[in-house]
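Visitor: build me a model from this:
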Amino acid sequence: MMTPKPVYLDCNATAPLEPAVQQTVSHWFSEEIGNAGSRTHSYGLAAKRAVQAARLQVADVVCAKEDEVLFTSGATESNNIAILGMAKFARDEGRGHIVSTAIEHKAVLEPLQALASNGFEVTLVKPDSMGAVTAESVISALRPETLLVSVMHANNETGVLQPITEVASKLASHPAFLHVDAAQGFGKDLEALRSRRIDLISVSSHKIYGPVGVGALITRRRGFKRPPLEPLAYGGGQEGGLRPGTIPVPLVVGFGLAAKLAQRSAKERAERTKAIRTQALEALRPLGIRVHSRLDQTLPHVLSFSVPGVDSEALMLAVKDIAAVSNGSACTSQSYKPSHVLEAMGLSEDAISGAVRISWCHMTPNVDWRSISRMIDSLR
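Guide: Below is the predicted model of the structure:
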């Protein structure tokens, strides 16, 4: 008899496929053939039409225009294009200053470090103890020569929503471009990303129950001008010349459907995930947990917390047969270094070493939270 798998509670790392998306991707892999760049036969034209439909579906989520969506391999590549692709324009204009935050994903911080090693100045704004930066602290870091402001939509470790609507509003009189890494919040917190003052938005399909390996960079025009990006790779001229390579039609079509479903079902999904959070907190609070965010500023499917006197590695090992959880970003979990996000928040060493991130979704089955709580309690 097979042992039941633990319930999957690491959706911020990667989320399960929506069944309808899985069917669509499978269809395009098995039943359809065609390169979207082939215009001489019906297969290529069908692929092109499918890609254009997906482009519109992704654009609709943030009220962008269809031709403002650039397909990439995911938010990491999108972040790199948005940040490193600005370097030539910055040098030409003499605007070598960038403002970001100390809690960004490494897919933003490492490109910024690359620019800093090449003469750019980077100002990283720190959050408060509950993981949120303020719009005022971001705006106060601006200089006349600031080229780019990059503030994430929702933090991948804590789920904390950052004040991008307010930042966008306060940037109205400054020429700096505004980039938002929206990997975690796209398709979930809809309204914040619809501001036309946000110039660049990075998105990953697999965070919204689409396939892994595809994402987008949304490049909004100002008037008739696109953001002044240069490609990081060359050859083929696809995606407006900014992202060469054959478009993975099945993945793109799946991404488009996932975006459509996310927009249509955002309210219902939020209600379901919030109900799961209520159940989790009811079972875990008797342990005296320290939640690392204000819940009213946090995506409803994420809970970052620590239990006094309990190490995160011991906790994850104790519950592994019941639940699959993590202690931080999947992109840095192999390094076993303290979380740069929690360090920037000024948390104690004990809180950081004990921090666990649990993230679920609308498809998550019922969780035996009380058994999880009992197992954690046995570690104290």
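
Visitor: give me the distance between the residue lying closest to Y209 once chain neighbours are set aside and R196.
Guide: Distances taken as Cβ to Cβ, 6 or more residues apart in numbering put E18 closest to Y209, at 4.2 Å, once the chain neighbours are dropped. No exception for glycine: its C-beta is placed from N, CA and C like everyone else's. Separation of E18 from R196 (Cβ to Cβ, to the nearest Å): 29 Å.

Visitor: go through stretch 369-380 and flag the buried ones.
Guide: Residues of stretch 369-380 classed as buried: W369, I372, S373, M375, I376 (neighbour count, 16 or more other Cβ atoms under 10 Å).

Visitor: list of residues touching it?
Guide: For stretch 369-380, the external contacting residues (Cβ atoms under 8 Å, 6 or more residues apart in numbering) are 279-280, 282-284, 286-287, 307-310, 314-315, 318-319, 322-323.

Visitor: for the record, mean pLDDT for that stretch?
Guide: Average pLDDT, stretch 369-380: 95.

Visitor: ok, back up a step: quick one: contacts for the residue nearest to Y209?
Guide: Contacts for E18 (Cβ under 8 Å, 6+ apart) come out as Y209, G210, L257, A258, L261, M363.

Visitor: ditto for D311
Guide: Per Cβ under 8 Å, 6+ apart, neighbours of D311: S353, G354.

Visitor: you'd agree S304 is up against I352?
Guide: No: applying Cβ atoms under 8 Å, one finds S304 not in contact with I352, separated by 10.9 Å.

Visitor: now name the helix or strand holding R370.
Guide: Using DSSP states H and E, R370 sits in helix 369-377.

Visitor: what is the burial count for A233?
Guide: A233 is flanked by 11 other residues according to other Cβ atoms under 10 Å.

Visitor: and G210, by the same measure?
Guide: 33.

Visitor: and if you look at the one 4 residues further on?
Guide: Per other Cβ under 10 Å, the neighbour tally for V214 reads 27.

Visitor: got a pLDDT number for it?
Guide: For V214, pLDDT reads 98.

Visitor: same check on the one 3 residues further on?
Guide: Confidence per residue is given as pLDDT, and for L217 that number is 98.

Visitor: surely L70 is within a strand?
Guide: Yes: applying DSSP: H, G, I helix; E, B strand; the rest coil, one finds L70 inside a strand.

Visitor: mind listing what it touches?
Guide: If you count contacts by Cβ under 8 Å, 6+ apart, L70 has them with S78, I81, A216, L217, I218, T219, E239, G240, L242, R243.

Visitor: go ahead and confirm the first one touches V203.
Guide: Same thing as S78. Yes: contact criterion Cβ under 8 Å: S78 and V203 qualify, at 6.7 Å.

Visitor: so what sits against both of these two?
Guide: G215, A216, L217.

Visitor: could you pull out the strands for the protein?
Guide: 7-8, 69-72, 97-101, 121-125, 146-150, 177-181, 200-204, 215-219, 290-291, 302-306, 323-324, 356-359 (DSSP state E).

Visitor: can you list those in TSV and add distance to A132?
Guide: Shown next, in TSV, are the strands of the chain (distance: least, Cβ to Cβ, whole Å):
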stretch	distance to A132
strand 7-8	28
strand 69-72	28
strand 97-101	10
strand 121-125	11
strand 146-150	16
strand 177-181	15
strand 200-204	20
strand 215-219	24
strand 290-291	13
strand 302-306	13
strand 323-324	27
strand 356-359	17
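
Visitor: buried deepest among the ones you listed, which one?
Guide: Burial of the strands of the chain is given as mean neighbour count (mean count of other Cβ atoms under 10 Å); strand 200-204 ranks first at a mean of 30.

Visitor: tilt between that strand and strand 215-219?
Guide: Orientation of strand 200-204 against strand 215-219 (axes from the mean of the first three to the mean of the last three Cα atoms, to 10 degrees) gives an angle of 170 degrees.

Visitor: other SSEs contacting strand 200-204?
Guide: helix 75-84, strand 177-181, strand 215-219 (3 or more Cβ pairs under 8 Å, 6 or more residues apart in numbering; DSSP states H and E).

Visitor: go through these and name the closest to A53.
Guide: In terms of Cβ to Cβ, the element of these nearest to A53 is strand 215-219, at 14.0 Å.

Visitor: so which elements touch the closest one?
Guide: Using 3+ Cβ pairs under 8 Å, 6+ apart: strand 215-219 touches helix 42-61, strand 69-72, helix 75-84, strand 200-204.

Visitor: CSV for these, including distance to H97 and mean pLDDT?
Guide: What follows is the helices and strands packed on strand 215-219, written out as CSV (distance: least, Cβ to Cβ, whole Å; pLDDT from 0 to 100):
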stretch, distance to H97, mean pLDDT
helix 42-61, 31, 96
strand 69-72, 25, 98
helix 75-84, 13, 98
strand 200-204, 17, 98
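
Visitor: returning to that earlier point: mind giving me the PyMOL command for buried ones among the contacts of stretch 369-380?
Guide: Buried residues within those, by 16+ other Cβ under 10 Å, are selected in PyMOL with:
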select buried, resi 280+283+284+287+307+310+315+318+319+322+323
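
Visitor: who's in contact with L347?
Guide: Neighbour list for L347: S129, H292, A355 [criterion: Cβ under 8 Å, 6+ apart].

Visitor: let's see 10 Å
Guide: Taking Cβ atoms under 10 Å, 6 or more residues apart in numbering, we find L347 in contact with S129, G131, R290, H292, S306, P338, S339, V341, S353, G354, A355.

Visitor: so the first one makes contact with M345?
Guide: I take that to be S129. Yes: using Cβ atoms under 10 Å, S129 is in contact with M345, at 5.5 Å.

Visitor: show me where the protein dips below the pLDDT cut-off.
Guide: Across the chain, the ranges flagged by pLDDT under 70 are 1-2, 328-336.
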